[in-house]
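Asks: let's see this in three dimensions:
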Amino acid sequence: MSHRSKGARPIDPRLLEYTRATRRYLVTSVVLGSLTAVLVAMQAWFLSGSVAGTFIHHRDVAELTEPLVLLLCAIVGRAVVAWWSERAASRASASAKSDLRNALVQHAAHLGDNGLQGVGDAGLAVLATKGIDALDAYFSRYLPQLFLAVIVPVTVIAIVAGNDWISAVIIALTVPLIPLFMSLVGATTREHSERQLRTLQRLAGHFLDVVTGLPTLKVFGRAKLQAEAIEAVTGQYRETTMATLRISFLSSLILELLATVSVALVAVAVGLRLLGGRLDYRTALFVLVLAPEAYLPLRQLSTHFHASAEGMRAAQDVFDVLERPLAPRGTNRSVPDPRSVAMSIESLGVVHAGRHVPAFSDVTFTVDPGEVLALVGPSGSGKSTLLGVILGLVSPTTGAVRVGGHRPRNPRPGRMALDAGMGSPAAPSLRGVDSRQSSARASRCRRRAAPGGDRRRQPRRRDRSAA
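Replies: Predicted coordinates for the structure are as follows:
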């Protein structure tokens, strides 16, 4: 199933899989939603009874003490439930964001650069920070309102049906119109939210590339031109954000208008029957007070849906990364030491997933112990990928890496880097064979460096073709 189909669900089941707090929060939301529905009905009943007792039955305050106290208790109860709901949402949001962020970072570390193709460092950083932080609106606003939008209208219709079945029929026929319009507007909102997140990731990626290559850009006098590119991408992000806000406001206006017309229909029907003497004052007032409560959760759900759309889209992208399969991870630590035996690369080639053109192919060379070998070539020719294969971080498509004439079976990723002394001052530097060459015609510095030797005295090779 595609991520789009999964994203169409109100509650993504993958949230239950990756975040433990979501399961407890869903149960809490159902309980709080049921309490809210009961308190709404109690508030409307005691309010209508108090008003009818004052103006119709001409009772004084002493006789209305009990319904007024119960009305106050219902109002305070709704406030307490609302506070409890926000508190539970805040805690569930913090826990879920922490679980998602930890799972994303750990899985991304296990995937490596080869498994994160199409995401990029900047895109991953946006997902792990701003993207996951956008789930606050999803947990604190959208999810609680989602359960209220299901429980409260059903409860209101059932209670109104016991007092005035005509009004109950009108509410039952008009309530489904709001979710219908929500689904029509939601598709457009989802597209704009996806475009907004993509624009933000592109802006972050471009800014990261500019910062990384700023020294080179300054050398060639191209640094100021990048400011225009960043300004253009920033303008696109601003326009996309404003377009999303416009759709949010317009959709809220449409749903408010629809709910207002629906309540007006109920009011007209109740008023005509009240004038005709077929409905008593208390029942009419009870229905009029209770009817708007059936539409309120749905209207608020639409507003909170737009607020949480960015977080839901970011969560889908996080799940796409988490569902990427991991490459087989070896655990063998008994890898020959490249500092004492020769390392040979035999017909090595790598084709990245989803691509038909290989990063490099048929690369063959040998590195003797203590020898300095330079990998040269233009940017994108596969130098980093070749080093990743040698270090056991990237799986080759063809060919093999042999150390001392033996091919390591299931080497532990990164173990080759430790044995080769990569980054150690006492080890010979391995700068990177021309990845476009298919034989051992690589540039070599044949001076051997003994372990612990002075690297500053090694001959330097200046090759302008080196990346």
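Asks: all contacts plus neighbour counts: C-alpha atoms, from now on.
Replies: OK.
Asks: what is the burial count for residue 149?
Replies: Using other C-alpha atoms under 10 Å, residue 149 has 21 neighbouring residues.
Asks: average model confidence for stretch 280-289?
Replies: Averaging pLDDT along stretch 280-289 yields 90.
Asks: buried ones in that stretch, by neighbour count?
Replies: Within stretch 280-289, the residues scored as buried using 16 or more other C-alpha atoms under 10 Å are 281, 282, 283, 284, 285, 286, 287, 288, 289.
Asks: nearest to residue 28, of these?
Replies: Of all the buried residues of stretch 280-289, residue 28 sits closest to residue 289, with 27.2 Å by C-alpha to C-alpha.
Asks: wait, that closest one touches residue 43, no?
Replies: No - the pair residue 289 / residue 43 is not scored as a contact, 9.1 Å apart, by C-alpha atoms under 8 Å.
Asks: what's the longest helix in the protein?
Replies: helix 223-275 (DSSP state H).
Asks: mind giving me the packing neighbours of it?
Replies: Other elements packing on helix 223-275 under the criterion 3 or more C-alpha pairs under 8 Å, 6 or more residues apart in numbering; DSSP states H and E are helix 165-174, helix 177-212, helix 281-322.
Asks: make CSV out of those and add distance to residue 377.
Replies: Formatted as CSV, the helices and strands packed on helix 223-275 follow (distance: least, C-alpha to C-alpha, whole Å):
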stretch, distance to residue 377
helix 165-174, 68
helix 177-212, 19
helix 281-322, 31
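Asks: can you count the residues close to residue 225?
Replies: Residues near residue 225, counting by other C-alpha under 10 Å, number 10.
Asks: what about it, distance to residue 235?
Replies: To residue 235, residue 225 is 16 Å away according to C-alpha to C-alpha, to the nearest Å.
Asks: now do residue 366
Replies: 51 Å.
Asks: and the two? which has more neighbours close in?
Replies: residue 366 (19 against 13).
Asks: now the more buried one, what's its secondary structure?
Replies: Following DSSP: H, G, I helix; E, B strand; the rest coil, we place residue 366 in the strand state.
Asks: let me see the backbone angles for the closest residue to it other than its chain neighbours.
Replies: Among residues not flanking residue 366 along the chain, residue 344 sits closest, at 4.2 Å (C-alpha to C-alpha, 6 or more residues apart in numbering). Dihedral pair for residue 344: phi -120, psi 140, per degrees, to the nearest 10.
Asks: what's the separation between residue 344 and residue 48?
Replies: 89 Å.
Asks: of these two, give the one with the bigger neighbour count.
Replies: Per other C-alpha under 10 Å, whichever of residue 344 and residue 48 has more neighbours is residue 48, with 24 against 20.
Asks: what residues are up against that one?
Replies: By C-alpha atoms under 8 Å, 6 or more residues apart in numbering, residue 48 lies in contact with 282, 283, 285, 286, 289.
Asks: show the pLDDT at it.
Replies: 89.
Asks: doesn't it fall inside a helix?
Replies: Yes - counting by three-state DSSP, residue 48 is found in a helix.
Asks: please report how far it lies from residue 37.
Replies: Note on residue 48: its distance to residue 37, by C-alpha to C-alpha, is 17 Å.
Asks: what does residue 162 give?
Replies: According to C-alpha to C-alpha, residue 162 and residue 37 sit 16 Å apart.
Asks: noted, bye for now.
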